[in-house]
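> Structure of the sequence below:
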Amino acid sequence: MSRAPDTERSAGDAERAATAPSGAGKARAPGPGARESRRRGALLRRLLAFADWSALTAALLVVTAASASVTVGTLFWAMLFSPVWILVVKLHGLYDNDHRRIRHSTLDELPSLIAASAVGVIALDGLLALSPVGPLSPATAIAVGGGSLAGSFVLRGVIRFAWHRLTAVAAGIVVGPPDAVDIVARRIATHPETRLALVGYLSAQAEPAATELPRLGSVADISGTAREFAIERVVVTEEEMSEAAAERLIEECKAVGLGLTFLPQHYGLLGRGIELNRVAELPLLDFRFSDPPRSTIAMKRTMDVTVSAFLLLLLSPLLALVALAVLIDSGRPVLFRQRRIGEGGRTFNVVKFRTMVADAEQRLPELVDLAELDEPAFKIRNDPRVTRIGRPLRRSSLDELPQLFNVLRGEMSLVGPRPEEEAVVALYDERQRGRLEVRPGITGPMQVYGRSDLTFEERLAMERDYLDNLSLLTDLAILLRTPRAMIRGDGAY
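Below you'll find the predicted structure:
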């Protein structure tokens, strides 16, 4: 009886030794990748702080020049107190997220930047009230806050754009089985803003891989692999990893200075509407199940009408030029109309600039057998039916612009799932018909996160996440990311 505990302890120690990363628990200096990551992170934080200070300075100079009530003395004291602005932005975490997160953009931090600007102008004005010049007038304070916010947003975007062009991407590895590794690799490949180049994966499974990434060893080799390949970030997809093994991996990554990202189990269920809560030390996930409020739907429709009408007026010369190019290249008709399925399964005629030969629909059976499709969607690379002018129009998505008229008529929205043909929707199962719950969109999550490079299930997962968390902020974020996707043209054919 007295030997049993020793036996159990020995077995546990053996299991822990087998799964522990090599050298776990020993103090080690950061590897070359970690050192480079820290150096770049420190430099980027200083550049972002300089951008915020420059935006505040510019706003103060403008209001001083434009307002007779703001004197040079006010400008002097405001500049003297300007470090409080940087402190407020720092307390909102806006200098640390680039290093901590696998993916971060200036657009993502806009809500926090708005909050920081509001608090910053209150703090600055409070300090000015204690100075000999006194506080700013309400109108001037609003101008300083709004100008600083706009300047910070623009300068931060410019700095990150230049940073991404001038610095190398970080090297990363994935920990997990090959099929899960392949999912992560596909997502990172379609999201270049992650700034991560995967060099391989670590897994206990040595069978033939379901991914193009090379297997670099087991998780026990993580320290040596990180040093050999100058790794900066580890992405963990190991769903079967025990809590103890995960803790050891975290400690190992911390010891050698690696960034760490975990893909949680049941990740498909964790949309943006999920909130992390706590009861004592227990982390809890609260799910929000509700239809979008009527006010959100009404505001979405108002935005659709306003923006589409404005864009039609603004882009009318471009629409005329594209129509002329189509007419010269391939004759009439200039516009292409096709029956598509919209909200609630209702049909409507979608309008596009014609990018294919006139008899394209009749020739489709020569290229695709709808009855033999593995999933209810298809895209044809190097489609022989596409005209000469049609290729650049499709790559840039300029052929979709006439759908602004569909938006005005209420058949489509600016943002939503893409409308599909009747024959394709007829192949949907009940789960897949969920994407018909809202008006289809000219752009949507698919268009800004991969386009035709996505599988149908990947596309469906993105659209389900969009539907579960429908909001004006999400629509605005997608609209602001759409021009970049149009310019890049990735996944468009």
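> neighbours of the residue nearest to residue 176 when sequence neighbours are not counted, just the number please.
Leaving out its chain neighbours, the residue that sits closest to residue 176 by CB to CB, 6 or more residues apart in numbering is residue 237, at 3.3 Å. C-betas here are computed from N, CA, C, even on glycine. Residues contacting residue 237 under the criterion other CB atoms under 10 Å number 24.
> mind checking pLDDT for residue 237?
Residue 237 carries a pLDDT value of 86.
> Identify the residues contacting it.
174-177, 180-181, 183-184, 263 (CB atoms under 8 Å, 6 or more residues apart in numbering).
> Mark which of these are part of strands, please.
Mapping these onto strands (DSSP state E) picks out 174-175.
> Pick the one among the contacts of residue 237 closest to residue 159.
residue 184 (28.1 Å; CB to CB).
> where does that closest one land on pLDDT?
For residue 184, the predicted pLDDT is 87.
> any idea which of the contacts of residue 237 has the most stuff around it?
Of all the contacts of residue 237, the highest neighbour tally under other CB under 10 Å goes to residue 174, namely 30 neighbours.
> quick one: contacts for it?
Applying CB under 8 Å, 6+ apart, we find residue 174 in contact with 180-181, 184-185, 198, 200-202, 213, 234-237.
> okay, it: pLDDT?
Looking at residue 174, its pLDDT reads 91.
> Ok, residue 473 next?
84.
> Residue 485 too?
In this prediction, residue 485 carries a pLDDT score of 78.
> so it makes contact with residue 445?
No. With contact defined as CB atoms under 8 Å, residue 485 does not count as touching residue 445 (10.7 Å).
> of the two, who's got more company?
More crowded of residue 485 and residue 445, by other CB under 10 Å: residue 445, with 25 against 21.
> do you know how far the spatially closest residue to that one that is not a sequence neighbour is from residue 70?
Leaving aside its chain neighbours, residue 445 sits nearest to residue 462 (4.1 Å; criterion: CB to CB, 6+ apart). Distance, residue 462 to residue 70, using CB to CB, to the nearest Å: 48 Å.
> contact partners of stretch 94-112?
In contact with stretch 94-112 (CB under 8 Å, 6+ apart) are residues 37, 41, 44-45, 48-49, 89, 92-93, 113, 116, 153, 156-157, 160, 191, 193-194, 196, 233, 235, 259, 261, 473, 477, 480-481.
> on that earlier part again, and the residue nearest to residue 176, how far from residue 396?
Note on residue 237: its distance to residue 396, by CB to CB, is 35 Å.
> buried set for the helix or strand encompassing residue 477?
In the assignment (DSSP states H and E), residue 477 maps to helix 472-488. By neighbour count on 16 or more other CB atoms under 10 Å, the buried set for helix 472-488 is 475, 477-479, 481-482, 485-486.
> List the residues that contact residue 277.
283-286.
> Repeat that for residue 86.
Applying CB under 8 Å, 6+ apart to residue 86 gives the contacts 49, 52-53.
> And the helices in the stretch 101-250 of the chain?
Along the stretch 101-250 of the chain, counting by DSSP state H, counting those that start in this stretch, helices occupy 110-129, 138-166, 178-190, 222-228, 243-255.
> before we move on, the earlier item: show me which of the contacts of residue 237 is closest to residue 438.
residue 183 (26.4 Å).
> Now the phi/psi pair for the residue lying closest to that closest one once chain neighbours are set aside, please.
Leaving aside its chain neighbours, residue 183 sits nearest to residue 237 (7.3 Å; criterion: CB to CB, 6+ apart). When read as degrees, to the nearest 10, the backbone of residue 237 gives phi -120, psi 10.
> same check, this time on residue 283
Here is the backbone geometry of residue 283 (degrees, to the nearest 10): phi -80, psi 130.
> who touches it in this structure?
So residue 283 contacts 276-277 (CB under 8 Å, 6+ apart).
> What is the helix or strand hosting the residue nearest to residue 445 packed up against?
Using DSSP H and E, residue 462 maps to helix 456-468. Contact analysis of helix 456-468 by 3 or more CB pairs under 8 Å, 6 or more residues apart in numbering; DSSP states H and E lists helix 445-448 as its packing neighbours.
> at 10 Å what do you get?
Counting contacts by 3 or more CB pairs under 10 Å, 6 or more residues apart in numbering; DSSP states H and E, helix 456-468 packs against helix 178-190, helix 445-448, helix 472-488.
> Many thanks, I have nothing further to ask.
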